[in-house]
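Q: Sequence and predicted structure, then a few things I'm wondering about:
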Amino acid sequence: MFKVIKFFTLSFLIFLLTFLLPKVARAQVLENEILIQSNQDTLATEFVSQQNPQLTVISSNPIKAEIHFIGEMILFSSEATTNTEVVNLNFSGFIPKTIYHFYLDEYHQHYSLESDQDGRIDFQLDISSPHTLIIQNHPSTKFIKNDDTGGDCLTIGTWNYSTKTCTLTGDVSETIQIDTNSIVIDGNGYSIIGSNTGNGIYSYNKQYVTIKNLVVKNFANGIYFNLGSYNQVIDSEVRENDVGLRFYSSNYNQILRNKANNNRLTGIWIQKSSNNTLTQNQAERNGAAATAYTNDAYGIFIYDSPQNILTQNIMNDNYMNFALFSWNVAYLNQTIDQTNLVDGKPIVYLRNAANQIIDSASNAGTIYCIQCQNMTFKDLSFADELAGVYLHQNQNSTVENISFKNGYLGIYDQYSMGNKVQNSEMDNGYYGVLVVPVGGCFSGTCQYAQIKNNYISNCDRGIYFNHYYVTLYGNYLEKNKVGVFAYGSYALIRNNTFTENDLGIQFRFFNDNKMYNNNFIDNIAQVAIDNTRNPVFNLGIPTGGNYWSNWFTPNVNGDNFADSPYELTTGYFDNLPWVIRDGWLPVTTAFPTGDVGEDGWYRSDVTVTLQGEDNEGIDRIEYSFNNNDWIVYTGPIIISNEAESSLYYHSIDIVGDKEKTKSLTVKIDKNPPEIVLTHPSDGAIYFKDQQIVSQWSASDDLSGLKSATASVDNGQPIDTSTTGLKELEVTAEDFAGNKTTQKINYSVIYFYSSLFDENKKHDQGYKAGSGLPIKFDIQAEGMDLGQIEARLYLVPVINGIVGNKIPAFSKGKANDENIFRYSDSEDQFIFNLDTKGLSSGIWQLIIEFSFGASVSTEIEIR
């Protein structure tokens, strides 16, 4: 009995269902998921269009075929089979009583067929050899061949018989089919413009054809080479088609310097074609007609096509930029260097690589690693690609700290063994992580994958595995259609969180999987199980089962397990469901002690004690100051450095479960704020009523300055209204509660005296050469006047012009230099000025005090 194959089909079906599956209803997706494992040689008799379920093809005998619906055109390709020669193909779903045009392999073999009243058409097909059937709703074709007129060339351009070149002389609105080898189509800058169906240029089983200088737009396929070799497409532009350039079973072709932009699906499509060269092509903004999870919208797509050479191709802003796929490792053998860019980042293609690290320094836009070993891929971000990291037949490689969004496959692991995917984030893809398949693996491969501590959201399948001995641990799966699709045996699924998914986890076939200690929170459906044998959903106490957000039975004995089992689906039970989320994880509590200040600050060293609890038992507690370098806890931790520190900690129990790392913030400020008093300075002396402005500041570099107050605000005059000893006090407090006060003293004095002998007539002047006593008094309560130093200076004033200041000289030895002496008996400052040598005229007398003040007067020397 033969299967009814839906969507596309057959040898192509496995690829489509695994990678290119369109978005469909959940029931239909799950129904067909098993076909991923179908033999690639499966024959079928019925083909159903997912885009239009009414459009079906029924074969009278089993055949191998694939069907593509491109705009308003249908491509039906069949492979040769040996069980029969001719089959009847019954097409249904057409518009009733309407003419459709069937072209067998090329446009000369034209069959104009009318659908019956039920929209059906029968077509006889010889399947002893491969064929391509092109079906479209209107005819119209120009045929170019090597004869005197170039076939129909003269109706659209000029013909050069010697070079077999048809040069367009205007735009063309019909399909051009190449009928002879070595034809050259020179577009001469003109366009072939279609009506969104058919092919712009079509070449079937031709060689050495060249297409150049041409614009092709508004077709299903802009330029289509089917079974051709050694052809060229150069310096041309294909835009606004469904597919710009399509090569099928065509080898040794050159695709050079073309622009494949703004096509509704894919820019350049290479399928079952080898040894082609793609150089300096631009594929941008393709895929506008794509829908969520579409399977056929790329800048450049290469499928089942080995040994192609790609250099200097640019793919930007496509629905997905680049795709390379095959189940056959030989077909993944390519030459793709890093001059090929996707959104400005290089494609990293590796084959048979080992022991390398590919990290952010590579700036990779997508990674393909074929038959590699012991590789590490980390610290990279990917978007808008078929795959972020594509691994085929890899062993013991690690993918970690990867970000992937808006593509099809976050991490793809195919025919591999012992690889790890960990600490990564995948969002808005079809698959977050895909590990496949069991069927077709070499002995000992397709097992032991580890998928740990990843965050996966908004995907159709968060994690899909068809693999043995898979470990899923610590993953957080949120808002996916299916959180995990488990399609293999002997898996261990533990300590994961499934939340707000349409379906938490799906088990399909296979056996002996274990799933316990997971959180299932607010999923529309928690679990689906289909023909799964010997699953385990709980262990005994103290390990137990899973936490289910929709299970509220009581826990009378307080052991954190519900008192009655949880039925996952009919006949499958979790007998020890937890009543608390993450109940199986260890819990660590930190106890800090120290001199507690304010606002969460400590005013001393802080001692931290860590204490862990777990249902299984604590193996160890670890702590770190940088969340990277971990130390096993053996006793209290002393934190002494001032400032804000973070202490990270977690416990690990005896079965290896580790709680989510916690952190404790410790803020230490042992010292009070700093006060800087600039004016007045300590011990300063000022005259009565002298204008002196205070200048002070307070700061704290740790907890910060909470307040600062003073007896005189900063920038305000200090008190000099009365004489005597004065005080300025500043108090500052930080947010930790440290407080400090700083005080300074200053003196205010009163200067009074006539300076000169009151019995002399000052206004009559003084005789040169005589001694002139100068005296003054100072009133300073509580102050030792002997600590005040006063110096006398002279300045000549000639014709109103003030000269230079010079030290005064004393007459006799009572004064030292120009310094006034203080007489205790007279309670005066005295200087006996020697006027000898002073010229006649006006002189300024300036008395300068050690505390910065000065007084002056004038005398006349006769």
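A: Cool, got the structure.
Q: CA atoms for contacts and neighbours, from now on please.
A: Will do.
Q: so what does the longest strand belonging to the chain touch, helix or strand wise?
A: Taking DSSP state E as the criterion, the chain has its longest strand at strand 739-755. When contacts are defined as 3 or more CA pairs under 8 Å, 6 or more residues apart in numbering; DSSP states H and E, strand 739-755 packs onto strand 684-687, strand 724-734, strand 771-779.
Q: residues in contact with the shortest one?
A: Identification of contacts with strand 684-687 by CA atoms under 8 Å, 6 or more residues apart in numbering yields T720, T723, N745, Y746, S747, V748, I749, Y750, F751, F851, G852, A853.
Q: can you do 7 Å?
A: For strand 684-687, contacts defined as CA atoms under 7 Å, 6 or more residues apart in numbering pick out Y746, S747, V748, I749, Y750, F851, A853.
Q: which residues sit in contact with the first one?
A: If I follow you right, that is Y746. D682, G683, A684, I685, L725, K726, E727.
Q: May I see those residues arranged in a markdown table, with distance to D734 and neighbour count as well?
A: Listed next are those as a markdown table, based on distance: CA to CA, whole Å; neighbours: other CA atoms under 10 Å:
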| residue | distance to D734 | neighbour count |
| --- | --- | --- |
| D682 | 24 | 15 |
| G683 | 28 | 14 |
| A684 | 29 | 17 |
| I685 | 32 | 24 |
| L725 | 31 | 18 |
| K726 | 27 | 17 |
| E727 | 24 | 16 |
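Q: re the thing from before, are any of the contacts of strand 684-687 buried, and which?
A: Among the contacts of strand 684-687, those classed as buried by 16 or more other CA atoms under 10 Å are Y746, S747, V748, I749, Y750.
Q: What sits closest to W159 if chain neighbours are left out?
A: Once flanking residues are discounted, W159 sits nearest to C166: 4.7 Å by CA to CA, 6 or more residues apart in numbering.
Q: cool, and E622?
A: Nearest to E622 is V632, by CA to CA, 6+ apart, at 4.5 Å.
Q: D186 versus the one you found, what's the distance?
A: Computed as CA to CA, to the nearest Å, the V632 to D186 distance reads 75 Å.
Q: Between those two, which is the more surrounded one?
A: Between V632 and D186, counted using other CA atoms under 10 Å, D186 has the larger neighbour count: 21 against 12.
Q: ok, that one - contacts?
A: Contacts of D186 (CA under 7 Å, 6+ apart): T165, C166, T167, L168, I211, K212, N213, L214.
Q: okay, it: pLDDT?
A: pLDDT recorded at D186 is 98.
Q: likewise P53?
A: pLDDT, P53: 69.
Q: so which of the contacts of D186 is the most crowded?
A: Neighbour tally across these (other CA under 10 Å): the maximum, 28 neighbours, falls on C166.
Q: Can you give the contact residues for the helix or strand hosting that residue?
A: C166 belongs to strand 165-168 when assigned by DSSP states H and E. Residues outside strand 165-168 that contact it (CA under 7 Å, 6+ apart) are 153, 156-160, 183-188, 190.
Q: How is the chain divided into domains?
A: Using automatic domain parsing, the domain parsing of the chain gives 3-136, 144-343, 346-536, 587-665, 674-747, 756-861.
Q: returning to that earlier point: pLDDT (mean, whole number) over the helix or strand following the strand holding C166?
A: For strand 165-168, the following helix or strand on the C-terminal side (DSSP H and E) is strand 175-178. Strand 175-178 shows a mean pLDDT of 96.
Q: can I get the domains of the chain in a markdown table with distance to A562?
A: Shown next, in a markdown table, are the domains of the chain (distance: least, CA to CA, whole Å):
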| stretch | distance to A562 |
| --- | --- |
| domain 3-136 | 32 |
| domain 144-343 | 40 |
| domain 346-536 | 14 |
| domain 587-665 | 15 |
| domain 674-747 | 47 |
| domain 756-861 | 86 |
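Q: Show me the one of those domains that comes nearest P577.
A: Nearest to P577, of all the domains of the chain, is domain 346-536, at 8.8 Å by CA to CA.
Q: first vs last residue of the closest one, how far apart are they?
A: OK, domain 346-536 end separation, CA to CA: 45 Å.
Q: Just give me how far that domain sits from the chain centre.
A: Distance of domain 346-536 from the chain centroid (CA atoms, centre = their mean, to the nearest Å) equals 19 Å.
Q: so where do the helices sit in this protein?
A: Ranges of helices in the chain, per DSSP state H, are 10-18, 26-32.
Q: looking at those, which one has the lowest mean pLDDT?
A: Among those, helix 26-32 scores lowest, with a mean of 24.
Q: Just give me the neighbour total for the nearest residue to E817 once chain neighbours are set aside.
A: Nearest residue to E817, sequence neighbours excluded (CA to CA, 6+ apart): F809, at 6.7 Å. Neighbours of F809 under the rule other CA under 10 Å: 20.
Q: Any idea how many residues pack against S381?
A: Quick note: S381 (other CA under 10 Å) scores 20 neighbours.
Q: measure the nearest residue to it once chain neighbours are set aside to R461 for me?
A: Distances taken as CA to CA, 6+ apart place S403 nearest to S381, at 4.5 Å, with adjacent residues excluded. Counting by CA to CA, the separation of S403 from R461 is 16 Å.
Q: Settle it for me: which of these two has more neighbours?
A: Between S403 and R461, R461 has the larger neighbour count (other CA under 10 Å), namely 26 against 21.
Q: Report the beta-bridge partners for that one.
A: Per DSSP bridges, the residues bridged to R461 are Y431, V482.
Q: So it is in contact with V484, correct?
A: Yes. Contact criterion CA atoms under 7 Å: R461 and V484 qualify, at 6.4 Å.
Q: where does this structure dip in pLDDT?
A: Within the chain, the ranges that satisfy pLDDT under 70 run 1-42, 49-53, 70-71, 292-295, 438-439, 442-444, 753-754, 756-763.
Q: Neighbours of the nearest residue to D653 once chain neighbours are set aside, how many?
A: Among residues not flanking D653 along the chain, I618 sits closest, at 4.2 Å (CA to CA, 6+ apart). For I618, the tally of surrounding residues (other CA under 10 Å) stands at 22.
Q: residues in contact with I618?
A: G612, S651, I652, D653, I654.
Q: Sitting in strands, which of these do you find?
A: Judged by DSSP E, these include G612, S651, I652, D653 as members of strands.
Q: what's the residue nearest to A768 when sequence neighbours are not counted sitting at in phi/psi?
A: Leaving aside its sequence neighbours, A768 sits nearest to T835 (CA to CA, 6+ apart; 5.3 Å). Per-residue torsions, T835: phi -90, psi 0 (degrees, to the nearest 10).
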